[in-house]
Structures are given as structure tokens and as C-alpha cells.
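Asks: Requesting a structural model of the entry that follows:
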Amino acid sequence: FGGFGAVAGGLVGKRVQKKRVDSLIIQVTLNSFDCPCVIIPLITKPTKTNSKDYQYAVQEAYKMMSALDVITHNKY
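Replies: Numbers count the residues shown, from 1 in each chain. The predicted structure is shown next:
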């Protein structure tokens, strides 16, 4: 398309991509046939990744995962 393609591309404008997540969960596998896993929902609706709600949920997920890691590695 040559120069015309560059001009047409410039006229279209820049696309802004909004980053969001639809859900964030932690799935914990248990040692039980009656209840083999527990699902902990942290985000249940579309949330922008730069929002305070998202940042808080991610911090809580890391804390929960760290606590579960400590529990699993400290068996007596």
C-alpha cells in the first residue's frame, strides 16, 4: 500500500487495550474424598488490573498461598 497505507494507518488512531480480570480464585486441594477441594473466590466480577480492588486481592492471594505453604511444610 506504500505511503497510502501509512497515512490510512495513522488516521485510524491508536487502540487502547484495557487490562482486566474476570475472576481470581484460590483452589486448595484437601486430603479428603468427602470434600476434595475448597475454592476461595477473591474477585468475582470484571476488575481492572490497575485498580485498588485488584491489588488488594492479589496481596491477599499471596498471603493465603504463603500461609498454606507454611502449613504444608510444617507437618509433625
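Asks: any idea which helix or strand of the protein has the worst average confidence?
Replies: Ranked by mean pLDDT, DSSP states H and E, the weakest helix or strand in the chain is helix 2-12, scoring a mean of 46.
Asks: Which strands or helices does the helix ranked longest in the chain pack on?
Replies: Longest helix of the chain, by residue count under DSSP state H: helix 52-73. Helix 52-73 makes packing contacts with strand 24-29, strand 37-43, strand 47-48 when contacts are defined by 3 or more C-beta pairs under 8 Å, 6 or more residues apart in numbering; DSSP states H and E. C-beta: built from backbone N, CA, C; applies to glycine.
Asks: Tell me which of these sits nearest to Val70.
Replies: Comparison of the helices and strands packed on helix 52-73 against Val70 by C-beta to C-beta identifies strand 24-29 as nearest, at 13.6 Å.
Asks: Just read off the phi/psi values of Thr49.
Replies: phi -70, psi -10 (degrees, to the nearest 10).
Asks: any weak-confidence spans in the protein?
Replies: The chain contains residues with pLDDT under 70 at 1-17, 75-76.
Asks: Closest to the mean position in it, which residue would that be?
Replies: Leu24 (5.0 Å; C-alpha atoms, centre = their mean).
Asks: ok now do Arg20, which residues does it touch?
Replies: Going by C-beta atoms under 8 Å, 6 or more residues apart in numbering, Arg20 touches 46-49.
Asks: Likewise for Cys37?
Replies: Here Cys37 is in contact with 27-30 (criterion: C-beta under 8 Å, 6+ apart).
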